[in-house]
Structures are given as C-alpha cells and as structure tokens.
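J.: only the shape, not the letters, is given here:
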C-alpha cells in the first residue's frame, strides 16, 4: 500500500500533458473514445478524443451511451472492446511459404508491433491481463506474439468511479480498486471543486513520467474523496457472483437441468467469448493461391461455441448447445482454476451486456446454486 | 512451377437463378487471369461460347431446381463432374424463388401469364443437394468472390476450404464492430446467420438480413423472442426469415411459427 506522500494530484491539463509525454516517449497511445454508439478503445491524439461527459447504461444484451452532467473523462464502465485486441490481436498472419521448383521456402512474418501505452485500464482489465500473462507467458511454451506486444507497454490504470449495470468485479475480488500491474493509476474526482485526478505510481517508469507532468502532493481530503469514490463503486455493482465455492459447485453439477435451460436461450453465436478479456482460443487457417506457388498461415480468434472448435475425426465432440455453453462456463469459472491457478472470470460483465439475448453468467451460477440449496432442504 | 498434368477442367452451370453468383467469378478481375491460368474454363456460357464436351474436374452449380427438365439436367451434370460445388442461396437452399414453396404456384402463374399453356414448372424450388450429391456448398446471396476463389484454390490443392460456418457475429467481433443490436437496438439476424460476407451490413449500421443463410447451429426461436422484445411484430418476424434463404430448414421452420 502506498503512503500518502506517494500520491500526487494532477489536473485535466496534466492528463493532456501525460498523453503528450507518452507520445514523445515513442508510445502509440490507446485510450477510450466514443465509436459508433459505444465507448471503445482506439488510438487517441489527446484528451479531446476521450468520452468527455459520457457514461453508459448496461444490462443483459443492452448498452446505451448516456450524457453525464459533468465533463468526466472516465465516467463510464467497460465497453465492447478489451485490451486483448491489442495484446492478442484478432487476426495475425504467422508465416508464408513460397514454392521454388520442388522446394519450399518458409518466410517468417516480421512481427514488430508498436509499443503501446494504454490509458484507462480498469481493475478488472488489469486482472484479465494478468490472467492472459499466465496463459501466454507462464509455463514452457511462451507465445512470442503476445510477449512482443506485452513487453514494454505503459499502463495508465483508472479506479472505477461508476459501476456498470453488469459489473460484478467486487464479488470476484478483482476490483474496483486497481491493485497491481500499472505504471500510473488515476482516480478521477469531478465533484467538490475543480476537476482533478489523484495519481499513484506503480513503477519507476511511472514515477519518471509523473515528474514530467505538472503535479502537486495530494491533500488528505482528496485521498479520502478518492477512497470514498471507489468504495461507493464497490457498493453499486449491477451484478453479483454468488458467494460460494463456484469451481466446486460447477464440478458437482455437470448434469444439472439448468444446462438444458440455458441451451434453449443460447444462440451459440460466440459473442461472449469474443468480448471476454481472458478468452484466448485461436484457430489457424491456411490459404494457398490458385497456382499453388504461395501459401500462408493465419491465426484468428476462435470460440468454443463453434462446431469447428471441437471437430475431430468423426465430427464435433461438443455438438449440442448444452455441451458448448457448459464447456465455456465450467472452463471459465472452474477448470480454469485447475489449469492456471485462477478463475478465468474477472467480473467485467461484458459477456452479459454483449450477449445478443442477455444471458447472465451470474444468474446461471445462481440458478445452479439455488437449485442445489433447494435440494438440500428437501 | 510445379510439374502439372493437364489443367483441371472447370464448368459453371446455371439453373434457376439471377446469374449474380457466377458473375462473382467474372467480377474477380485481378484474379481472373490467375483462374484462367490454373484451370481450363471448359464450360461457362456467361463468359464464353466455347464448350468442351465430356467430363469436368470441378463443376460450379448456380441456381435451384424449378422444372422437371432441370431435375433431369442436374443428374447429367453430376455424372459429368468429378467434384460438384453449389454456389449461392438458390443452389444451396432454393433461393428467393422458393417463396413459391409457401404458396400455390398455379395461382401465381394465372396472375403473371396471359396464357399459361406453355408454362411447365414444378410446385417447388429446391436446392441441388435435394437431387444429387454435392461435394461442397458455398453460401451467400450473392456469394463472396474471395470465398469463391478460396474454394477453387482449395479444390486445386486438395485441401478443405477455409469457409467457417459460424455466426456473422464472430466476423463483427474480429473487425472490432460495436454490436448494433446491443448498442443501438437494431434488429439483426447476425447471430443465426452463416458468416462469409465479412459482416457487411452491420459494419454500416444495418441489421443483418440473413443473406448467407442459417449458421451451423442456429437458435432462431431464441433470437425471435428477443427481436419481439425489441418491438418486432409477428408479421415482420415471418418476413425476416422468409427471404433469400426462406427454404433453408431453420429459417423455413421459424417463419412458419410466425405464419398466422
């Protein structure tokens, strides 16, 4: 935990300067911006690109931008994009091959991604990045494409000042206060006086960047205001994961009737896996040209909701919707723990908001949990 | 270049259709010379009067079966084709003309033609696969020319075509599109529709029309319930499924549920 003296205060102009400093240091700055009716992540040039004065209203299968009555930069919950898009790109050509005579030559792709600075990373998202670190960098087989993007990023985290209608990080222990994994962390204070940001340094690089910004020591009253903001966010989560041993609950209920119930509603469209900040599965596709002289292999995001995903000799292993939804949810919440030592869910709520028919992972767990409790009573 | 025996012979056949899908081949423009270099275009009336008789290594079949004559002709095409690939909504599902399957075709004829003595047509429009074995079905109304080139290239190199049959949603997400159903409330068939168009309409804020037919495991009933929640009327639900892929099983069944 930081002492009071570590905490600084900057103004909106300090945030403007922060983007300039990061740009001057050679980073491509990625931050929140309004895109086609939602707050997504994209390359930004300055604070004018931020969703100033916007917030979002979210529910199952529902997302709408709403106006705030202030000029907050970060007054919204998480949107349709996650940082996965930049660290683990949706599509990536891995290599090409050329035929010469009876021989074949493999040509590696030059994979020199830009060095990114992420602005506005939430606590749930920091946890998601930490989970993908385990998946891609932990163990003997390191993903070089993830590593080359992940190494050297600069993270400006933001403590959430509002909870979205589908947020449940508080019940997953992954937010709303950022813990670690950031260079700088901001808490935005828009009420009681001037618009300002409490800044916490997480790394030496972060501290160096802070010295280049106009800042002053944070007064105790602002430190208390920031603490109260985060506390209020924690108390206003739109959703809650049931307080039980979820991995064990699901392990015990692989034949629960709720899987049939959710299968009637699930579209197997794959949206939940695409928006999930930790889902990491990919497929590789080979292409050849008409003459057979060149070939290329491309990696792209795949989903356990597709038939091809579990296709082996003889057909798809998980051909029913029931089997596919169960695979996704039990992996995310239960077997992920066995595999990576952590839950695969960070409570960001994207799978709920961006499910076209509003299926709610917390509600599905609750139904199984309560069904079991009822069973105990009888 | 690799050693190669004679070029594979390609034929393009037309049944009941608008020609749009076979035009996709001519629309390849930049790649057309490469196609002509890789295969012998042996039968393609849309492009050339020349005709090589005999058998074909790859037949692309456009259109549906709507007459007794065509029902017999497709048997001949199948016999003469080593591989037969159907292209487009008509060939794979019956096309827009399969709307006749839901109505009385005799009533249509009497309205359209002054003298129907010369009209010989079947009561239904059916896909090629209802009549002969098909090696691959390429979906779309019209098909995507990139996917057509992929199918031809895959055939030439003896591999499986990389043509995913999952939802359009995955294409939207790969592109980074904001979901217009969730964020705008725009009704969209993307979740139940076969990928292949690169999410063309949703990329321009239009709901998916279902031009590529049902995806691999479409849950049309659940989507319909949600669309009703967005304010779609029952009659509209019937019409959204009864278009280019009206006769594809999932869409046919769903549209019938909303038929008064």
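T.: Arrived safely. Keep in mind that what you see is a predicted model, and the values were worked out from it rather than measured.
J.: do you know how far the residue positioned nearest the centre of chain A is from chain B?
T.: Centroid-nearest residue in chain A, with C-alpha atoms, centre = their mean: residue A:277, separated by 3.4 Å. With distances taken as C-beta to the nearest C-beta, to the nearest Å, residue A:277 is found 13 Å from chain B. Glycine gets a C-beta too; all of them are placed from N, C-alpha and C.
J.: go on, residue A:83?
T.: Here the criterion is C-beta to the nearest C-beta. By it, residue A:83 lies 13 Å from chain B.
J.: quick one: contacts for that residue?
T.: A:30, A:41, A:118, A:121, A:125, A:128, A:129, A:277 (C-beta atoms under 8 Å, 6 or more residues apart in numbering or on different chains).
J.: show me the contacts for the residue nearest to the centre of chain A.
T.: A:82, A:83, A:84, A:124, A:125, A:128, A:129, A:132, A:346, A:348, A:350.
J.: residue B:89 reaches residue B:251, doesn't it?
T.: No: using C-beta atoms under 8 Å as the test, residue B:89 is too far from residue B:251 to be in contact (10.6 Å).
J.: give me the common contacts of those two.
T.: In contact with both residue B:89 and residue B:251: B:213, B:245, using C-beta under 8 Å, 6+ apart.
J.: can you pick out the residue with more neighbours from those two?
T.: Set residue B:89 next to residue B:251 and count neighbours by other C-beta atoms under 10 Å in any protein chain shown: residue B:89 wins out with 34 against 25.
J.: follow-up on the earlier one: inside helices: which ones of the contacts of residue A:83?
T.: Using DSSP state H, the members of the contacts of residue A:83 that fall in helices are A:125, A:128, A:129.
J.: in contact with the last one, which residues?
T.: Listed by C-beta under 8 Å, 6+ apart, the contact set of residue A:129 reads A:83, A:87, A:121, A:150, A:181, A:277.
J.: swap in the second one?
T.: With contacts defined as C-beta under 8 Å, 6+ apart, the neighbours of residue A:128 are A:82, A:83, A:84, A:277, A:278, A:346, A:348.
J.: repeat the analysis, applying 7 Å as the threshold.
T.: A:82, A:277, A:278, A:346 (C-beta atoms under 7 Å, 6 or more residues apart in numbering or on different chains).
J.: quick check: which element contains residue B:84?
T.: If you go by DSSP states H and E, residue B:84 is part of strand B:81-87.
J.: so which residues make contact with that strand?
T.: So strand B:81-87 is contacted by B:11, B:21, B:55-62, B:78, B:92, B:128-129, B:132, B:134-138, B:143, B:148, B:151, B:155 (C-beta under 7 Å, 6+ apart).
J.: which of the residues you listed fall within strands?
T.: B:11, B:56, B:57, B:58, B:59, B:60, B:61, B:62, B:136, B:137, B:138 (DSSP state E).
J.: make CSV from those residues and add neighbour count and distance to residue A:331 to it.
T.: Below are these laid out as CSV (neighbours: other C-beta atoms under 10 Å in any protein chain shown; distance: C-beta to C-beta, whole Å):
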residue, neighbour count, distance to residue A:331
B:11, 25, 47
B:56, 23, 47
B:57, 18, 44
B:58, 22, 41
B:59, 23, 43
B:60, 29, 41
B:61, 31, 42
B:62, 30, 42
B:136, 17, 32
B:137, 21, 32
B:138, 23, 33
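J.: which of the residues you listed sits closest to residue A:217?
T.: Lowest distance from residue A:217 to the ones in strands among the contacts of strand B:81-87 (C-beta to C-beta) belongs to residue B:138, with 66.3 Å.
J.: which one of the ones in strands among the contacts of strand B:81-87 is nearest to residue B:48?
T.: Distance to residue B:48, by C-beta to C-beta, is smallest for residue B:11 among these, at 11.4 Å.
J.: what are the bridge partners for the closest one, then?
T.: residue B:43, residue B:59 (DSSP bridges).
J.: correct me, but it touches residue B:57?
T.: No: using C-beta atoms under 7 Å, residue B:11 is not in contact with residue B:57, being 8.8 Å away.
J.: okay, strands next: where are they in the stretch 51-200 of chain A?
T.: Applying DSSP state E, counting those that start in this stretch to the stretch 51-200 of chain A gives strands spanning A:54-59, A:62-67, A:91-100, A:103-108, A:116-121, A:154-158, A:184-189, A:196-201.
J.: reformat these as JSON lines; add mean pLDDT and distance to residue A:263.
T.: Output for those, formatted as JSON lines (pLDDT from 0 to 100; distance: least, C-beta to C-beta, whole Å):
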{"stretch": "strand A:54-59", "mean pLDDT": "98", "distance to residue A:263": "22"}
{"stretch": "strand A:62-67", "mean pLDDT": "98", "distance to residue A:263": "22"}
{"stretch": "strand A:91-100", "mean pLDDT": "95", "distance to residue A:263": "30"}
{"stretch": "strand A:103-108", "mean pLDDT": "93", "distance to residue A:263": "43"}
{"stretch": "strand A:116-121", "mean pLDDT": "98", "distance to residue A:263": "35"}
{"stretch": "strand A:154-158", "mean pLDDT": "98", "distance to residue A:263": "38"}
{"stretch": "strand A:184-189", "mean pLDDT": "98", "distance to residue A:263": "41"}
{"stretch": "strand A:196-201", "mean pLDDT": "98", "distance to residue A:263": "45"}
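J.: of those strands, which is nearest residue A:212?
T.: Across these, closest to residue A:212 is strand A:184-189 (C-beta to C-beta), at 11.5 Å.
J.: how about residues contacting that closest one?
T.: Contacts for strand A:184-189 (C-beta under 7 Å, 6+ apart): A:72-74, A:156-159, A:161, A:178, A:196-202, A:206, A:209-210, A:222, A:225-226, A:229-230.
J.: what angle separates it from strand A:196-201?
T.: For strand A:184-189 against strand A:196-201, the angle by axes from the mean of the first three to the mean of the last three C-alpha atoms, to 10 degrees is 160 degrees.
J.: for residue A:330, phi and psi?
T.: phi -70, psi -30 (degrees, to the nearest 10).
J.: and residue B:101, how many neighbours?
T.: A count of neighbours around residue B:101, defined by other C-beta under 10 Å, yields 17.
J.: name the nearest residue to residue A:54, sequence neighbours excluded.
T.: Using C-beta to C-beta, 6 or more residues apart in numbering or on different chains and skipping the chain neighbours, the partner closest in space to residue A:54 is residue A:65 (5.5 Å).
J.: what's the mean pLDDT across the helix or strand containing residue A:223?
T.: In this assignment (DSSP H and E), residue A:223 forms part of helix A:220-235. The pLDDT scores in helix A:220-235 average 97.
J.: and residue A:314, how far from residue A:302?
T.: Distance of residue A:314 to residue A:302, given as C-beta to C-beta, to the nearest Å: 20 Å.
J.: and these two? which has more neighbours close in?
T.: Counted by other C-beta under 10 Å, residue A:314 and residue A:302 do not tie: residue A:302 has more neighbours, with 22 against 6.
J.: which non-adjacent residue is nearest residue A:159?
T.: Sequence neighbours aside, residue A:187 is the residue nearest to residue A:159 in space, at 4.4 Å (criterion: C-beta to C-beta, 6+ apart).
J.: who does that neighbour bridge with?
T.: For residue A:187, the beta-bridge partners are residue A:198 (DSSP bridges).
J.: separation between it and residue A:83?
T.: 20 Å.
J.: the closest residue to residue A:243 other than its chain neighbours: what's it in contact with?
T.: Nearest non-adjacent residue to residue A:243, counting by C-beta to C-beta, 6+ apart: residue A:171, 6.9 Å away. By C-beta under 7 Å, 6+ apart, the contact list for residue A:171 reads A:237, A:240, A:241, A:243, A:347.
J.: state the distance from the fourth one to residue A:170.
T.: Residue A:243 sits 11 Å away from residue A:170 when distances are taken as C-beta to C-beta.
J.: more neighbours: which of the two?
T.: Per other C-beta under 10 Å, whichever of residue A:243 and residue A:170 has more neighbours is residue A:170, with 22 against 8.
J.: for the stretch 151-300 of chain A, which residues are neighbours of chain B?
T.: Residues of the stretch 151-300 of chain A lying close to chain B (C-beta under 7 Å from any C-beta of the partner chain) are A:264-271, A:274-275, A:285-293, A:300.
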